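here is my input, please return the structure:
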Amino acid sequence: MKIKTITCHEVYNHGASLQEYALLKYLQELGHDVETISYKPDYLGGHFDFLKVSNDKYAKNILLKIAYLAVKFPTRLKNLKRKRSFDAFSMKYIKSTEKTYYSNQELLNDVPVADTYICGSDQIWNSFFQNGKDPAFYLDFVPDSKRKISYAASFAIEKLAPELTDFVKEKVSRLDSISVRESSGVDILKSLGFHDVTQVLDPVFLLDKNVWNDLMETPENKRSYVFIYDFDSNPLIKDMAFNLKDKFGYDIITVNENITYADKNYFLDGPSKFLTLVKNAEFVISNSFHAVAFSILFEKKFVVFNRMYKINTRMRDLLKSIDLPELLIESEEQMKKFDNSLVDYTKSKVKLNGLIEKSKHFLTHALADKN
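Residues are numbered from 1 along each chain as shown. I've put the predicted structure just below:
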């Protein structure tokens, strides 16, 4: 079967790249001819635009704009290495359409050919961001005659804004099979009248651990380390990292540009480095869904902190679903009391395996021929 997927494509984020790869890889393992749609709307682009001015104060004055761009130029030039790292990963592992589309209208005008279309995974329906308001991520461009599936689509929030309910209801109603990543997503859709909704795991869980090992690099860190993946510069994460450093002598390693206290920062490296660093860490501290997902897959000691933005249902639901809710740290007091001994995966592995089978069954059933 020829399948096209659509997700947040080439957004230079480790989790986004790896979940995209995982769904393609698993569908290929099932014997399908699959590729992702190269969809790059303007709100997801511009990551390495040398002429981008983020602050309106500088954009309105030509002299200030020139000064702003001159100051930013050295860092932007250096950061091209990150772009090359991610582009190399995509080129090697993520098969995408030759044509790149920049809007839902462009997709409507020239629909990429397939038998079945899948939207997901990742935060494609998160209306806190523009992607959750983009019809393309609901497969709006796909003809009624074609099969349309959502796989592990994430709202990443507790509830929709009232002004978006009609939009989401209309778009989701065209899907033939619906699955979401969080229980909160199931609740959102139930409130809109959708009752045949399946909660499934992020696609990274569909692949065997050995598949991920094949993507890794040779570890270069000789010393034991704690791995930090923190988008918010959370002071509690910093405190916990230094507590572990003082207690065990761990180095602090990160891939976040904003983390300035790490002994080593791999911000310029791509997804393979991220996987390698998680797999070989003594401890993982993050506020990232995919850092949590891979910590679970590799059975690491880890904790996760809430994000600054309202997108915490992802981590909470995942940990709750496998009986590890205590690994979500929500306060300084909880952090100080946390026992950093080995996580007991005995029970959680049983639950996780059951959820993996449920997720695979959803895809198999959704893709089955309907005569």
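
contacts, neighbours, all on C-alpha from now
Fine.

where are the low-confidence patches of the stretch 251-371 of the chain?
Counting by pLDDT under 70, the ranges of the stretch 251-371 of the chain that qualify are 308-312, 369-371.

would you map the strands across it?
Per DSSP state E, counting those that start in this stretch, the stretch 251-371 of the chain carries strands over the ranges 251-254, 264-265, 283-286, 302-305, 328-329.

tell me the domain ranges of the protein?
2-46+81-207+355-367, 216-340 (automatic domain parsing).

mean neighbour count added to the ones you listed, as CSV?
Putting the domains of the chain into CSV (neighbours: other C-alpha atoms under 10 Å) gives the following:
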stretch, mean neighbour count
domain 2-46+81-207+355-367, 19
domain 216-340, 18
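
before we move on, back to that, out of the strands of the stretch 251-371 of the chain, flag the one nearest residue 58.
In terms of C-alpha to C-alpha, the element of the strands of the stretch 251-371 of the chain nearest to residue 58 is strand 264-265, at 29.8 Å.

can you pull the poorly scored residue ranges out of the stretch 101-250 of the chain?
Filtered on pLDDT under 70, the stretch 101-250 of the chain yields no residues whatsoever.

using CSV, list the CA coordinates for the longest helix along the chain.
The longest helix of the chain (DSSP state H) is helix 346-367. Taking Å, rounded to 0.1, in the frame of the first residue of the first chain, the C-alpha atoms of helix 346-367 are listed here in CSV:
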residue,chain,number,x,y,z
THR,A,346,9.4,-4.6,36.4
LYS,A,347,5.7,-3.7,36.4
SER,A,348,6.0,-0.8,34.0
LYS,A,349,7.5,-3.1,31.2
VAL,A,350,4.4,-5.3,31.4
LYS,A,351,2.1,-2.3,31.0
LEU,A,352,4.3,-0.8,28.3
ASN,A,353,4.3,-4.0,26.3
GLY,A,354,0.6,-4.2,26.4
LEU,A,355,0.3,-0.6,25.2
ILE,A,356,2.7,-1.2,22.4
GLU,A,357,0.6,-4.2,21.2
LYS,A,358,-2.6,-2.1,21.5
SER,A,359,-0.9,0.7,19.4
LYS,A,360,0.3,-1.8,16.7
HIS,A,361,-3.2,-3.4,16.6
PHE,A,362,-4.8,0.0,16.0
LEU,A,363,-2.5,0.6,13.0
THR,A,364,-3.0,-2.9,11.6
HIS,A,365,-6.8,-2.6,11.9
ALA,A,366,-6.9,1.0,10.5
LEU,A,367,-4.8,0.0,7.5
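
now it, how far from the centre of its chain.
Averaging C-alpha positions (C-alpha atoms, centre = their mean, to the nearest Å) puts helix 346-367 19 Å from its chain's average.

what does it rub up against?
Residues lying outside helix 346-367 but in contact with it, judged by C-alpha atoms under 8 Å, 6 or more residues apart in numbering, are 116, 149, 151, 176-177, 198-201, 205-206, 321-324.

from the residues you listed, which two are the most distant?
Spatial extent of the contacts of helix 346-367 (C-alpha to C-alpha) is set by the pair 116 and 324 at 35.7 Å.

tell me if residue 11 really is in a strand.
No. Going by DSSP: H, G, I helix; E, B strand; the rest coil, the assignment for residue 11 is coil, not a strand.

wait, it touches residue 45, no?
Yes. Counting by C-alpha atoms under 8 Å, residue 11 does reach residue 45; the two are 7.1 Å apart.

closest one to residue 283 out of the contacts of helix 346-367, please.
Closest to residue 283, out of all of these and judged by C-alpha to C-alpha, is residue 324, at 15.8 Å.

grab the nearest non-local neighbour of the closest one.
Closest residue to residue 324 apart from its sequence neighbours, by C-alpha to C-alpha, 6 or more residues apart in numbering: residue 348 at 7.2 Å.

residue 177 and residue 129, how far apart?
Per C-alpha to C-alpha, to the nearest Å, residue 177 is found 24 Å from residue 129.

my bad, residue 342
Taking C-alpha to C-alpha, one finds residue 342 at 36 Å from residue 129.

for the residue of the chain most remote from its centre, give its distance to residue 57.
With C-alpha atoms, centre = their mean as the measure, the chain has its most outlying C-alpha, relative to the mean C-alpha position, at residue 63: 38.6 Å. Residue 63 is 11 Å from residue 57, where distance means C-alpha to C-alpha.

one more: residue 133?
As judged by C-alpha to C-alpha, residue 133 and residue 57 stand 28 Å apart.

ok, now residue 252?
To residue 57, residue 252 is 37 Å away according to C-alpha to C-alpha.

just the element for residue 37, please.
Using DSSP states H and E, residue 37 sits within strand 33-39.

distance between the helix or strand just after that strand and the chain's centre?
Reading on from strand 33-39 to the C-terminus, the next helix or strand found by DSSP H and E is helix 56-59. Chain-centre distance of helix 56-59: 31 Å, with C-alpha atoms, centre = their mean.

go through helix 56-59 and flag the buried ones.
58, 59 (16 or more other C-alpha atoms under 10 Å).

only alpha carbons, please: show the helix or strand following it as PDB.
Next helix or strand after helix 56-59 toward the C-terminus (DSSP H and E): helix 62-78. C-alpha atoms of helix 62-78 as PDB (Å, rounded to 0.1, in the frame of the first residue of the first chain):
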ATOM      1  CA  ILE A  62      17.000  50.000   8.900                       C
ATOM      2  CA  LEU A  63      20.100  51.000  11.000                       C
ATOM      3  CA  LEU A  64      18.900  49.000  14.000                       C
ATOM      4  CA  LYS A  65      18.100  46.100  11.700                       C
ATOM      5  CA  ILE A  66      21.600  46.100  10.200                       C
ATOM      6  CA  ALA A  67      23.200  46.300  13.700                       C
ATOM      7  CA  TYR A  68      20.900  43.400  14.900                       C
ATOM      8  CA  LEU A  69      21.800  41.200  12.000                       C
ATOM      9  CA  ALA A  70      25.500  42.000  12.400                       C
ATOM     10  CA  VAL A  71      25.400  40.900  16.100                       C
ATOM     11  CA  LYS A  72      23.500  37.800  15.300                       C
ATOM     12  CA  PHE A  73      25.600  36.700  12.300                       C
ATOM     13  CA  PRO A  74      28.500  34.900  14.000                       C
ATOM     14  CA  THR A  75      26.100  32.700  16.100                       C
ATOM     15  CA  ARG A  76      23.800  32.000  13.100                       C
ATOM     16  CA  LEU A  77      26.800  31.000  11.000                       C
ATOM     17  CA  LYS A  78      28.000  28.700  13.700                       C
END
